[in-house]
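model the structure of this input:
(chains A and B)
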Amino acid sequence: MKTSRRKFIKQTLLGTSGTLLVPNFLKALEVETSSLPTTAERILVVIQLSGGNDGLNTIIPYRNDLYYQARPHLAIRPDKVLKTSGELGFHSALSSLRELFDQGSMAILNNVGYPNPDRSHFRSMDIWHSASDANTYTNTGWIGRYLDSSCSSCHPAHHAIEVDDTLSMALKGNSTKGMALKNPKKLYQATHNNFFDTLSRQRESHARAEPTLNYLYKTMAETVSSAEFIYAKSQVKQSTVEYPQNEFSRRLKTVAELIHANINTRVYYLSLSGFDTHANQEIQHQRLLSMYADGVRAFVKDIGDTRMKDVVIMTFSEFGRRVAENASGGTDHGTANNVFIISKALKKKGFLNDTPDLSSLDQGDLIHQLDFRSIYATLLNIWLEVPPEKILNGSFPVLDFI
Amino acid sequence: MVLKQNSKHFLHRAAFGPLLRENHLDLNISSWIKGSEENKPLQVVEKPQISPELIKVSKENPKQVIVKSRDELIKLNVSWINQLGEPTATLREKMTLFWHDHFACRVRSAWLAQQQNNTLRYHALGNFRDLLFAVSKDPGMLQFLNNQQNKKDSPNENFAREVLELFTLGRGHYTEEDIKNSARAFTGWAFNPLSGVFVFREKIHDYGIKTFKGKTGKFSGEDILNIILDDKHTARFITEKVWRYFVSDEVIDKDVITTLTDNFFQSGYQLDGLLGDIFSSSWFYDPLYVGSRIKSPVELLVGITAQTGGQFQHAQAPVFIQRALSQVLLFPPNVGGWPSGTGWIDSSSLMFRMSLPSVLLKNAETDIEAKDDGDINNETNAAGSKRLGLTVDWKRLASFFTRHTTEETLQAIEDYLLAKSTTSANRNIIRRQTGKSLNDPELIQRAFIGYMSLPEYQLC
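As a prediction, this is how the structure comes out:
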């Protein structure tokens, strides 16, 4: 198996005319990347639930009267909750997640947020992406700055991959940026049309002294090169695990295939949107939660127990929702929310901190107990093994769950 | 006659590249600038019957109202994109774009957004003092920065902080105490949600003594703005930002900026004077700066439409393209504005930017999906993404560019489209793409797509 895989890659990379178009300075990088040991490196997968997931109807405080008082129509009845031993239980759409929880592969952090919470989607997502204070503004993201700090000698473009057509701010650093691709084949086709081929083959421009033009040609050449490399490697082993039939699961499957392909990517990023449930929340939320949980369950199975020791999945949303329901069968923008950590490498499992305090609210919203940047700091420090202070522009307590 | 190199560089920066009718002229730069004395306000949104603040008022039918306002914001966006590409008052439009990024603001009410945009346009080339006062009393801005909630008994510092940090002095030239004290001075700066007009609410204004930047007094909001403008750091902050926009994002010539700042400050913040100083200098035309600046997505999009004279077949197409390129006018990412320079470029954005000419001019298909911004009410999330093409009169373009030989024709098109010439290797690639035995319009079309797809076209 190993031999044939290597042989295949070799044939794919050298056997087509493709290699011709990769400039020499990139070929050097490629050799370095493809000759890395096949032993797994630790991988972080970030899942973004866009729109503001209703955390209280996801992980449900089913023993709390205040919850039922605030949500006469929307509250999930205790008999429908997938109960755990504690105060909290899972939404019925989350049976797949509950399985992972029971296996000790899941940790849940409640009341995660930041000071002076912003209830606007774009601003709050901005804050989560940039890891900045609510009153500072930056155009770079925390994963991008991780690339800046750790990636000076690596093949930068695919060190962090977002499975999408466009790149989120989270993956943009000052000097290094991650790469967006919906799937390896699509990217390969997009970069390997006749025009781009020929353009990146001509090297005259690279030697130019003009820095911005040089930057453009370099980005183009790296993209063409990465696209080819990733495509070749991803063809080696197709996933055989069955995933649900939806776009989110297709993207998770792409991540699993890339992890199996050992392409030396440390961070994967993907989103599931639709959580902005202002009206008729019940059905929509149910559908999204099962899409999320069933997709993740298939992904974890695909990666396998052994490899899941090297993989951490973190799931977040830009904010939770107001404790009280609104008049349209939905909920409005809120503040603190829960964050999920899924891995076979957890040191601490289950519920890691207090249940949401529904008796002390700020303008009807939960008050955050844990700064999200503590979670980032933990993942950077313990998991990706880089000092987090500079990346996060400050010092945040490192937690002990991994 | 060929457009002189200096004129061409000027048009790439002060406008969105040369236009067809300018390409054969010996451009008179000062009379071209004079053309921007004209001010054409956007007038596509009608004043609503109910509150311009809209969302808070209509509890009965919030969704319908929000959707209507969204639709109108999109209409406003598209009409501004079209106006940016028009051949008149281009410098005013380009400066309005600059101020929209500087005073970055998201307004949910389309009426208030239009009002703010027209305020920026009115003062775009005038006096920065007037502009600052106008924006600080603009209902959309006051709402965006929560100054409606800034009251004597419970001050909200958001507005004061952004005025100091992002609009005037810049970081390092004020203290946290200055923010607290100026926030008190801005208490009561509000607007009437029914009329959409600025009001000063005496009852919630803090008339007490404030200390701001070393001065003490019963300062009003106006006093604070005056103290800010008396500080030369404000002049420098604005000058440096204008420099980055028109001259260079990479090279900061401190000595030149100091001179520009001095003149700007002494003139009492005359913006036309500052721009005049830049465009009439010799250093502005230094080859170092020519073709060295990365176009913003809107500059790229407007450039393609203006330089071809193309019309969108589908009214929503420019909105989808802005979304895919991560810059949607009227929807800046935050009050800090958009990225600039290499911040626009990553592997996927560059590939999309380079394929955009094919998509627009050849009706090539794209299956790119713009990111969902999470907001259920955002109608542009699903905007018709497949019909992005422009209708271009290639015969007309052929009549401008056809020369005796194909080489000369291609050279004429290259000179027109690129701020700085490309390599002979790239020319050969395009030569091969255009083919030989084509009729003129087809050759012109292929050549336009070829040159516009080069990394060089990303620069101005």
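
count of neighbours near the residue in chain B positioned nearest to chain A?
Of all residues in chain B, the one sitting closest to chain A is residue B:336 (3.1 Å; C-beta to the nearest C-beta). (C-beta placed from N, C-alpha, C; glycine too.) Per other C-beta atoms under 10 Å in any protein chain shown, the neighbour tally for residue B:336 reads 19.

was I right about it contacting residue B:105?
No. In this structure residue B:336 lies outside contact range of residue B:105 using C-beta atoms under 8 Å: 11.3 Å.

and the closest residue to residue A:87 other than its chain neighbours, helix, strand or coil?
Ranked by C-beta to C-beta, 6 or more residues apart in numbering or on different chains and with sequence neighbours excluded, the top spatial neighbour of residue A:87 is residue A:355, at 4.7 Å. The three-state label given to residue A:355 by DSSP: H, G, I helix; E, B strand; the rest coil is coil.

in terms of secondary structure, what does the lowest-mean-pLDDT helix or strand in chain B contact?
Lowest on mean pLDDT, DSSP states H and E among the helices and strands of chain B sits helix B:62-84, with a mean of 87. Applying 3 or more C-beta pairs under 8 Å, 6 or more residues apart in numbering or on different chains; DSSP states H and E, one finds that helix B:62-84 makes contact with helix B:90-102, helix B:110-123, helix B:297-308, helix B:317-324.

which residues touch it?
A:278-279, A:328, B:16, B:40, B:42, B:44-45, B:54-55, B:58, B:90, B:93-94, B:97, B:108-111, B:113-114, B:117, B:298, B:301-302, B:306, B:315-316, B:318-319, B:322, B:328-331, B:377-380, B:383 (C-beta atoms under 8 Å, 6 or more residues apart in numbering or on different chains).

OK, contacts around the spatially most central residue of chain B?
For chain B, residue B:97 is the residue whose C-alpha lies nearest the centre (C-alpha atoms, centre = their mean; 2.3 Å). The contact partners of residue B:97, by C-beta under 8 Å, 6+ apart, come to B:84, B:298, B:329.

tell me the predicted confidence for the last one.
By that I understand residue B:329. Predicted confidence (pLDDT) for residue B:329: 97.

how is it assigned, secondary-structure-wise?
Under three-state DSSP, residue B:329 comes out as coil.

next one: the closest residue to it other than its chain neighbours from residue B:335, what distance?
Spatial nearest neighbour of residue B:329, excluding adjacent residues (C-beta to C-beta, 6+ apart): residue B:77 at 5.1 Å. Taking C-beta to C-beta, to the nearest Å as the measure, residue B:77 falls 19 Å from residue B:335.

also residue B:37?
30 Å.

of these two, which one has the most company?
With neighbours defined as other C-beta under 10 Å, residue B:37 and residue B:335 compare such that residue B:335 has more, 22 against 11.

helix or strand: which one has that one?
Secondary-structure assignment from DSSP states H and E places residue B:335 in no helical or strand segment.

how many other residues sit next to the residue nearest to residue B:329?
24.

separation between it and residue B:245?
Residue B:77 is 21 Å from residue B:245, by C-beta to C-beta.

what does residue B:34 give?
21 Å.

what does residue B:226 give?
Residue B:226 is 26 Å from residue B:245, by C-beta to C-beta.

gap between residue B:221 and residue B:137?
8 Å.

neighbour count: the two, which is higher?
residue B:221 (25 against 21).

next up, the contacts around that one.
By C-beta under 8 Å, 6+ apart, the contact set of residue B:221 is B:136, B:185, B:186, B:189.

how about a cut-off of 6 Å?
B:185, B:186, B:189 (C-beta atoms under 6 Å, 6 or more residues apart in numbering or on different chains).

ditto for residue B:27
So, once contact is read as C-beta under 6 Å, 6+ apart, residue B:27 ends up touching residue B:7.

how close does it get to residue B:15?
In terms of C-beta to C-beta, residue B:27 sits 11 Å off from residue B:15.

and if you look at residue A:215?
24 Å.

of the two, which one has the most company?
A side-by-side neighbour count of residue A:215 and residue B:15, using other C-beta under 10 Å, places residue B:15 first with 24 against 17.

tell me which helix or strand residue B:352 sits in.
Secondary structure (DSSP H and E) places residue B:352 in helix B:347-361.

measure how far the very next helix or strand once past that helix is from the centre of its chain, please.
Downstream of helix B:347-361, the next assigned helix or strand under DSSP H and E is strand B:390-391. In terms of C-alpha atoms, centre = their mean, to the nearest Å, the centre of strand B:390-391 is set 23 Å apart from its chain centre.
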